[in-house]
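Asker: Sequence and predicted model, in that order:
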Amino acid sequence: MSGGANARPRATGALRALALAAVLAWSAAPAVWQALTALKPDAQITRTPTVYLPSPPTWRHVQALWDRKPFGRYLANSAAIAAAATLLCVSLAALAATAIARLPGRGREGTLLALLVVSLFPPILLLFPLYEGVRALGWVNHPLALVLPFAALNLPLAVWVLEGALRALPAELDEAGRLDGLSALGRLRRVHLPLALPALATTAILVFIFCWNEFMLSLTFMTRDAAKTVTAGIASVSGASLHEIPWGQLSAAIVIATLPLVALVLLFERRIVSGLTRGALKG
Amino acid sequence: MSMVELRGEEITKDFADGARALDRVSFVARPGRVLTLLGPSGCGKSTLLRIVAGLERATSGRLRLGDEPFDDVPAGRRGVGFVFQNYALYPHLTVEGNLSLALEAGRVPRGEIRRRVAETAEWLGLGGLLGRRPGQLSGGQQQRVALGRALVRRPRLYLLDEPLSNLDALLREGMRAELKALFARVGATVIYVTHDQTEAMSLSDDLIVLRAGRVLQCAGPLEVHRRPADVFVATFVGSPRMSVWRGRRDGDVLACRGVQVPVPRGLGGNGELCVGIRPEDVEVATSPLEGGWPGELEVVEPLGSQVLLTLRVGGERVRALAAPAERPAASWVRWPGGSLHWFEAESGRRLEPDGPTVEVIR
């Protein structure tokens, strides 16, 4: 009898582990396949029957990225542009969200709805007007050509997330700040933003990921090799002839381009969790 | 810090939905005194305090600090120390950070900040807690930090919005005495909002009783207790509560349910009147009392040092405080005629046996 009582939780535990393993396999398989391909010698990549594990693993494709393309430059461009756009976007969004969170009901909902509607237009509609603008300003191959549109495109999302977090803060804290003699910006900096830190971190990650992965504008506006971001750079990886697709190099490029994002999320996740647990202690 | 007087003149506040929160309320917060705004929830007392703090604007009326108009001074420049009912401590800052933020915003030199924070923490017994965050403090400690945040600024005016209502009963009583000592020590002008008449009685120098946005009475706490200007004030102030009977005046008696109460000579007012008697003024006995009424004991509530009896007299009920006994008994009640409080039933206004009604300051 007692064994039966214990068997059930053990069985559900096993089932849960199995389900988790299935989901993990489903999600991770493409990434793992990509990584394996990046390490295979060319001959093994397309061979039938399929070769699963590279033998022996080779760094040739990774090396080729640096030899044949300024891949480090691509990564640096992406990092700088995404970071600048994220900073700009989150700063503007924090100001806008603070103001919107203070609006009375009708005005707040209307503003948020308008933001949502604006963000529903597909960005491709903007491609040609933006290109005209970028050309007129002489910004082709200039980082600002991407920084400004990236920040603008993400602004609605960032405002939405931050507005929710700021509105959840008790109004008394704002009033306490006013009575303590803090200006509106002082309250934002010393009271609201520190308390909304988890939401700020989340927003920053989302915006950064979007900027890092963006392809269409990057490919169009960045034509010189030295100005390209990593997504545009990967698109320019080509084989010896027109008909040869360099699978190994492409895979290596994709894996390497993904690693900074993984590192970033891991780093910030700890930040978010610590922010959340600190809030929980407040009682 | 010079001592100044804060005056409110005819302050009216209408909310956006048209509800009138305050109706021509005037008051004076005297230098170095504690003015208490007392009333049930929704009476407008907190709104009035928020207007004084500059967190809200009055629809009409004026505030004056000494001779200067105060209405257009922004909240941060009014030099008020405000204690919120729920404390509103900054959860991300330490106790020290909470105490020093206003001073930093006011560009007080660093050394001075450290000195004042240490001194304030000392006063409030927070010395060992400066490095903690509010989430790591007990309710009583959080309350002290909230007080400290007001004290550390050395304000001209202290505004406290039900500061003790979130504490448990034991802590509240201790804190009440501490507050009183603190007010005396800093000698500041205080406006104190509460719905607890015991707090109001024990802390205030001046007392304003508010109901539905109107001032019912403005006087010293003892005066409010001795001569309540209104039947609502009479039942709201004083514990245990005053018993009030309503009846129709018939010459020189008031006909209540099954009892006739003699009306004192010279008492104005006709028609429906109310008569009130405080439990401490009622005398009880088990044998007939001359000039008394026979009563039937219904409820016995021992309070420790005294016992609260509820007796039925005719069709009315009266409460009486008596000395505690193993088996409290009473079958007769009596009170001195002069201890009764008379009110007009319709308006609720106090009636005096000899002379005009108490003037209501409004």
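Answerer: Here it is on my side, so go on. Residues are numbered from 1 along each chain as shown, chains lettered A, B, ... in the order given.

Asker: so what's the backbone phi/psi at residue 243?
Answerer: Because you didn't say which chain, this covers chain A. phi -90, psi 0 (degrees, to the nearest 10).

Asker: oops, I was thinking of chain B
Answerer: Dihedral angles (degrees, to the nearest 10) for residue B:243: phi -90, psi 130.

Asker: which one is it nearest to, not counting chain neighbours?
Answerer: In space, and not counting its chain neighbours, residue B:243 is closest to residue B:318: 4.6 Å by Cβ to Cβ, 6 or more residues apart in numbering or on different chains. The way it works is simple: take the backbone N, C-alpha and C, and place the C-beta from them, glycine included.

Asker: How about the contacts made by the one you found?
Answerer: Counting by Cβ atoms under 8 Å, 6 or more residues apart in numbering or on different chains, residue B:318 touches B:243, B:245, B:277, B:282, B:295, B:310-311, B:333.

Asker: What of residue B:123?
Answerer: B:148, B:151, B:182, B:185.

Asker: top of these by neighbour count?
Answerer: Using other Cβ atoms under 10 Å in any protein chain shown as the neighbour criterion, residue B:151 leads the contacts of residue B:123 with 24 neighbours.

Asker: coming back round to it: now the contacts of residue B:123 in TSV, with secondary structure?
Answerer: Converted to TSV, the contacts of residue B:123 look like this (DSSP: H, G, I helix; E, B strand; the rest coil):
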residue	secondary structure
B:148	helix
B:151	helix
B:182	helix
B:185	helix
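
Asker: Next, the contact list for the residue nearest the centre of chain A, please.
Answerer: The centroid of chain A falls nearest to residue A:209 when counting by Cα atoms, centre = their mean (1.2 Å). Applying Cβ under 8 Å, 6+ apart to residue A:209 gives the contacts residue A:261.

Asker: host element of it?
Answerer: Secondary structure assignment for residue A:209, by DSSP states H and E: helix A:197-213.

Asker: got the buried residues for the very next helix or strand once past that helix?
Answerer: Next helix or strand after helix A:197-213 toward the C-terminus (DSSP H and E): helix A:216-221. The neighbour-count check on helix A:216-221 (16 or more other Cβ atoms under 10 Å in any protein chain shown) flags A:217-221 as buried.

Asker: now, which of these lie close to chain B?
Answerer: Among the buried residues of helix A:216-221, no residue lies close to chain B (Cβ under 8 Å from any Cβ of the partner chain).

Asker: Please produce a markdown table containing the residues you listed, extended by pLDDT and distance to residue B:253.
Answerer: As requested, the buried residues of helix A:216-221 are exported to a markdown table (pLDDT from 0 to 100; distance: Cβ to Cβ, whole Å):
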| residue | pLDDT | distance to residue B:253 |
| --- | --- | --- |
| A:217 | 93 | 94 |
| A:218 | 93 | 97 |
| A:219 | 92 | 101 |
| A:220 | 92 | 99 |
| A:221 | 94 | 98 |
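
Asker: Now tabulate these in CSV and tack on distance to residue B:272.
Answerer: Shown next, in CSV, are the buried residues of helix A:216-221 (distance: Cβ to Cβ, whole Å):
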residue, distance to residue B:272
A:217, 82
A:218, 85
A:219, 89
A:220, 87
A:221, 86
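
Asker: Flag every residue of the stretch 1-150 of chain B that's near chain A.
Answerer: Going by Cβ under 8 Å from any Cβ, the residues of the stretch 1-150 of chain B near chain A are B:16, B:53-55, B:74-78, B:80, B:82, B:84, B:86, B:88-92, B:101-102, B:105-106, B:133-136, B:149.

Asker: Quick check: ChimeraX command selecting the buried ones in the residues you listed.
Answerer: Buried residues among the residues of the stretch 1-150 of chain B next to chain A (16+ other Cβ under 10 Å), as a ChimeraX selection:
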select /B:53,54,55,75,76,78,80,82,84,88,89,90,91,92,101,102,105,133,134,149
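
Asker: Now intersect the residues of the stretch 1-150 of chain B next to chain A with the helices, please.
Answerer: Of the positions in the residues of the stretch 1-150 of chain B next to chain A, B:53, B:101-102, B:105, B:149 sit in helices, assigned by DSSP state H.

Asker: List the contacts of stretch B:281-301.
Answerer: Residues from elsewhere that reach stretch B:281-301, judged by Cβ under 8 Å, 6+ apart: B:259, B:307-314, B:317-322, B:328-336, B:339.

Asker: hang on, I meant stretch A:83-100
Answerer: A:108, A:111-112, A:143, A:146-148, A:150-152, A:154-155, A:158-159, A:162-163, A:165-166, A:184, A:188, A:192-193, A:196, A:200, A:203-204, A:207-208, A:211.

Asker: show me the contacts for residue A:187.
Answerer: Residue A:187 neighbours (Cβ under 8 Å, 6+ apart): A:174, A:177-178.

Asker: Tell me how many other residues crowd residue 145.
Answerer: Since you didn't name a chain, this refers to chain A. There are 25 residues near residue A:145, going by other Cβ under 10 Å.

Asker: sorry, should have said chain B
Answerer: The number of residues packed near residue B:145 is 25, by other Cβ under 10 Å.

Asker: helices or strands next to the helix or strand containing it in the packing?
Answerer: Following DSSP H and E, one finds residue B:145 within helix B:139-151. Using 3 or more Cβ pairs under 8 Å, 6 or more residues apart in numbering or on different chains; DSSP states H and E, the elements in contact with helix B:139-151 are strand B:80-83, helix B:95-105, helix B:110-124, strand B:157-161, helix B:169-186.

Asker: In the stretch 151-300 of chain B, what residue comes closest to chain A?
Answerer: Residue of the stretch 151-300 of chain B nearest chain A, by Cβ to the nearest Cβ: residue B:153 (8.0 Å).

Asker: and residue B:275, which of the three is it?
Answerer: Assignment for residue B:275 (three-state DSSP): strand.

Asker: State the pLDDT value of the closest residue to residue B:272 other than its chain neighbours.
Answerer: Spatial nearest neighbour of residue B:272, chain neighbours left out: residue B:345 (3.6 Å); criterion: Cβ to Cβ, 6+ apart. At residue B:345, the predicted lDDT confidence score is 93.

Asker: Neighbours of residue B:345, how many?
Answerer: 18.

Asker: Pull the contacting residues for it.
Answerer: Per Cβ under 8 Å, 6+ apart, neighbours of residue B:345: B:231, B:246, B:271-274.

Asker: 10 Å instead, please
Answerer: Shown in contact with residue B:345 (Cβ atoms under 10 Å, 6 or more residues apart in numbering or on different chains): B:231, B:244, B:246-249, B:269, B:271-275.

Asker: And the helices in the stretch 201-350 of chain B, which stretches?
Answerer: Under the criterion DSSP state H, counting those that start in this stretch, helices of the stretch 201-350 of chain B are mapped to B:221-226, B:231-236.

Asker: Pick the most buried one from these.
Answerer: By mean neighbour count, with neighbours taken as mean count of other Cβ atoms under 10 Å in any protein chain shown, helix B:231-236 ranks first of the helices of the stretch 201-350 of chain B at a mean of 23.

Asker: quick one on the thing from earlier: out of the contacts of stretch A:83-100, which are buried?
Answerer: Judged by 16+ other Cβ under 10 Å, buried ones among the contacts of stretch A:83-100: A:108, A:111-112, A:143, A:146-148, A:150-152, A:154-155, A:158-159, A:162-163, A:165-166, A:188, A:192-193, A:196, A:200, A:203-204, A:207-208, A:211.

Asker: contacts with chain B among those residues, please.
Answerer: Among these, the residues within reach of chain B (Cβ under 10 Å from any Cβ of the partner chain) are residue A:193.

Asker: What segments of the stretch 51-200 of chain A are helices?
Answerer: Under DSSP H, counting those that start in this stretch, the stretch 51-200 of chain A gives helices at A:60-68, A:71-102, A:105-120, A:124-136, A:144-167, A:171-179, A:184-187, A:193-195, A:197-213.

Asker: Among those, which comes closest to residue A:43?
Answerer: Closest of those to residue A:43 is helix A:60-68, at 11.5 Å (criterion: Cβ to Cβ).
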